[in-house]
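K.L.:
next come a sequence and a model predicted from it.
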Number of protein chains: 2
Amino acid sequence: MTMIGVLGGMGPLATVDFMGKVIQLTDAECDQQHLPMIVANLPQIPDRSHAILTGDESPLAHLLDGIDLLNRNAVGLIAIPCNSSHHWYAQMQARSPAPLLHIAETCVAAVPSGVRRVAVLATRGSLASRFYQHTLASRDIEPVEPDDAMQQRIDHCIADVKAGRLREASVALTAILAALADDGVRAAILGCTELPVAAQHAVPTSMTLIDSTLELARATVTYATERGWNRT
Amino acid sequence: MTMIGVLGGMGPLATVDFMGKVIQLTDAECDQQHLPMIVANLPQIPDRSHAILTGDESPLAHLLDGIDLLNRNAVGLIAIPCNSSHHWYAQMQARSPAPLLHIAETCVAAVPSGVRRVAVLATRGSLASRFYQHTLASRDIEPVEPDDAMQQRIDHCIADVKAGRLREASVALTAILAALADDGVRAAILGCTELPVAAQHAVPTSMTLIDSTLELARATVTYATERGWNRT
């Protein structure tokens, strides 16, 4: 049996959201048709955004420990439902016998054709790492980065989800999306996996939202079902 | 670092529900204050209720493989968010260096004092195994078992959750609880971990509902936080 490996806990509710999306996207009528997964939910991994911005307390050794743990357990693919940790994607992939999906690639592939400007809602660390900007630019899509006032609201929204304050997070995300719409933004990537958790209860918007958790889950399910990992 | 071990995938959405409840019950302001978990989501384990009822295709070897996997990964406690699999509790505990919580014990401990009759909503296999009836009787509480017509509705509700038909499952559970209330039942154990998933969208009832997933999560969080597993 080959399993999907999930390096999670960054944060924990985002990991749960990712697993739920994998399950809902899997065409299954009973337990046995679902995909086997091993999930390392490791919330003690040091803060990724902080490390990117300051250089302090790198999470890399912890991330590699998680990659090793999953590989010791016969995984055939690794998904990491945390955008900021993709700053260390190359090092993790170099360490891992199992291939790693790249969350930003799954999101940028989901931008509807014809859309030429996309807002990137992410941690300050992810934005400083610039992997979203580079991946979008490679497809000739202009990344729209929030100004500092908007980024502060995004920071608070992410922190609210990590602390379990889902109502506050939803209110915050609704306001963020309304402000973006006022600025003429028509599409946005929820490029931090806490944001789709906030979006579950946010007021619907007419903006095209690309959910990084959902796109990573979609790529994971496609990869695993093509290889028949849910067939005993 | 000591981790919580979760033997899951029975079914997958119930595992996600359990993890979400562990996270929401943990007093944490940031990722690093949450509890580390390793989750073996193994949906290919053969149907537990069917095996109890017919003696065919025992899941025991698969369950023990899961117990072994978790113990190889340094877990300090194992929780199994599947009631029916507790038919094999003694064999799993005998195999496992890490202690296993018993889901029925966590539920029966949560019956409010003064309540002397409790309906047990569970798979036919769990009811045939009689671990709920024995655990309730040891506290002088009378178990109320559904008649066959009611049990058929419970079977369908459980199958709907496993197939991702959450709307149908919620409608079914609402009707089940209304029928129990008409029969004078005042408290019920949701003794199959698919039922709390259905309950998320069911119409609220005045009946006392004891959610086996929530009670298992509560016992898990208490055990792990008392031992400081969320302190790095």
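P.N.:
Sure thing, it's come through.
K.L.:
show me the domain layout of chain A.
P.N.:
Here the domain assignment for chain A is A:3-102+A:215-226, A:105-212, based on automatic domain parsing.
K.L.:
which one of the ones you listed lies nearest to chain B?
P.N.:
domain A:3-102+A:215-226 (3.8 Å; Cβ to the nearest Cβ). C-beta here means a position set from N, CA and C on the backbone, and glycine is covered the same way.
K.L.:
hmm, back to that, could you identify which of the domains of chain A is most buried?
P.N.:
Among those, the stretch with the highest mean neighbour count (mean count of other Cβ atoms under 10 Å in any protein chain shown) is domain A:3-102+A:215-226, at a mean of 21.
K.L.:
if we can go back for a sec, now the domains of chain A as JSON lines including mean pLDDT?
P.N.:
Converted to JSON lines, the domains of chain A look like this (pLDDT from 0 to 100):
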{"stretch": "domain A:3-102+A:215-226", "mean pLDDT": "97"}
{"stretch": "domain A:105-212", "mean pLDDT": "95"}
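K.L.:
now for those domains, which one comes closest to residue B:163?
P.N.:
With Cβ to Cβ as the criterion, residue B:163 lies closest to domain A:3-102+A:215-226 of the domains of chain A, at 4.8 Å.
K.L.:
re the thing from before, possible to save the domains of chain A as JSON lines with distance to chain B?
P.N.:
Conversion of those to JSON lines gives the following (distance: least, Cβ to the nearest Cβ, whole Å):
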{"stretch": "domain A:3-102+A:215-226", "distance to chain B": "4"}
{"stretch": "domain A:105-212", "distance to chain B": "5"}
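K.L.:
and of these, who's closest to residue B:27?
P.N.:
domain A:105-212 (9.1 Å).
K.L.:
ok so, going back, as TSV, the domains of chain A with distance to residue B:12 would be great.
P.N.:
Formatted as TSV, the domains of chain A follow (distance: least, Cβ to Cβ, whole Å):
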stretch	distance to residue B:12
domain A:3-102+A:215-226	5
domain A:105-212	19
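K.L.:
ok, which of those domains comes nearest residue B:74?
P.N.:
domain A:3-102+A:215-226 (9.2 Å).
K.L.:
mind checking the end-to-end distance for the closest one?
P.N.:
Criterion Cα to Cα, to the nearest Å; first-to-last residue distance in domain A:3-102+A:215-226 is 13 Å.
K.L.:
packing partners for the longest helix belonging to chain A?
P.N.:
Criterion DSSP state H: the longest helix present in chain A is helix A:166-182. Packing partners of helix A:166-182 (3 or more Cβ pairs under 8 Å, 6 or more residues apart in numbering or on different chains; DSSP states H and E): helix A:148-162, helix A:195-199.
K.L.:
about what we covered before: so which of the domains of chain A is nearest residue B:160?
P.N.:
domain A:3-102+A:215-226 (10.4 Å).
K.L.:
if we can go back for a sec, what's the angle from the longest helix of chain A to helix A:148-162?
P.N.:
150 degrees (axes from the mean of the first three to the mean of the last three Cα atoms, to 10 degrees).
K.L.:
then helix A:166-182 to PDB, C-alphas only?
P.N.:
What follows is helix A:166-182, C-alpha atoms only, in PDB (Å, rounded to 0.1, in the frame of the first residue of the first chain):
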ATOM      1  CA  LEU A 166     -12.900  31.600  13.400                       C
ATOM      2  CA  ARG A 167     -15.700  34.200  13.700                       C
ATOM      3  CA  GLU A 168     -13.200  37.100  13.900                       C
ATOM      4  CA  ALA A 169     -11.200  35.600  11.100                       C
ATOM      5  CA  SER A 170     -14.200  35.400   8.800                       C
ATOM      6  CA  VAL A 171     -15.200  39.000   9.500                       C
ATOM      7  CA  ALA A 172     -11.700  40.100   8.700                       C
ATOM      8  CA  LEU A 173     -11.500  38.200   5.500                       C
ATOM      9  CA  THR A 174     -14.800  39.600   4.300                       C
ATOM     10  CA  ALA A 175     -13.500  43.100   4.800                       C
ATOM     11  CA  ILE A 176     -10.200  42.300   3.100                       C
ATOM     12  CA  LEU A 177     -12.000  41.000   0.000                       C
ATOM     13  CA  ALA A 178     -14.400  43.900  -0.100                       C
ATOM     14  CA  ALA A 179     -11.400  46.300   0.000                       C
ATOM     15  CA  LEU A 180      -9.700  44.500  -2.800                       C
ATOM     16  CA  ALA A 181     -12.900  44.500  -4.900                       C
ATOM     17  CA  ASP A 182     -13.100  48.300  -4.400                       C
END
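K.L.:
which residues are in contact with that helix?
P.N.:
With contact meaning Cβ atoms under 8 Å, 6 or more residues apart in numbering or on different chains, helix A:166-182 is reached by A:119, A:121, A:150, A:153-154, A:156-158, A:160-161, A:188, A:194-195, A:197-203, A:205-207, A:209.
K.L.:
which SSE is immediately downstream of it?
P.N.:
Beyond helix A:166-182 in the direction of the C-terminus, DSSP states H and E gives the next helix or strand as strand A:187-190.
K.L.:
partner strands of that next one, parallel or antiparallel?
P.N.:
In the sheet, strand A:187-190 lines up against strand A:117-121 (parallel), strand A:208-211 (parallel) (DSSP bridges).
K.L.:
any chance of TSV for the helices and strands packed on helix A:166-182, columns distance to residue B:85?
P.N.:
Converted to TSV, the helices and strands packed on helix A:166-182 look like this (distance: least, Cβ to Cβ, whole Å):
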stretch	distance to residue B:85
helix A:148-162	32
helix A:195-199	29
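K.L.:
for chain A, what spans make up the helices?
P.N.:
A:12-25, A:48-54, A:60-72, A:89-95, A:103-108, A:124-129, A:131-137, A:148-162, A:166-182, A:195-199, A:212-226.
K.L.:
now residue A:91, nearest residue through space, not along the chain?
P.N.:
Sequence neighbours aside, residue A:60 is the residue nearest to residue A:91 in space, at 6.1 Å (criterion: Cβ to Cβ, 6 or more residues apart in numbering or on different chains).
K.L.:
please read the previous query as pertaining to residue A:33.
P.N.:
residue A:230 (5.5 Å).
K.L.:
tell me, how many residues neighbour the one you found?
P.N.:
20 (other Cβ atoms under 10 Å in any protein chain shown).
K.L.:
that one against residue A:37, yeah?
P.N.:
No. The pair residue A:230 and residue A:37 fails to qualify as a contact (Cβ atoms under 8 Å) at a distance of 10.4 Å.
K.L.:
surely the residue nearest to residue A:91 and residue A:90 touch.
P.N.:
No. The criterion here is Cβ under 8 Å, and residue A:60 misses it with residue A:90 at 10.9 Å.
K.L.:
measure residue A:221 to residue A:34 for me?
P.N.:
10 Å (Cβ to Cβ, to the nearest Å).
K.L.:
contacts only, for residue A:197.
P.N.:
Taking Cβ under 8 Å, 6+ apart as the test, what residue A:197 contacts is A:13, A:14, A:17, A:161, A:166, A:169.
K.L.:
let's have those in a markdown table, adding distance to residue A:84.
P.N.:
Compiled in a markdown table, these are given as follows (distance: Cβ to Cβ, whole Å):
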| residue | distance to residue A:84 |
| --- | --- |
| A:13 | 15 |
| A:14 | 11 |
| A:17 | 16 |
| A:161 | 14 |
| A:166 | 20 |
| A:169 | 17 |
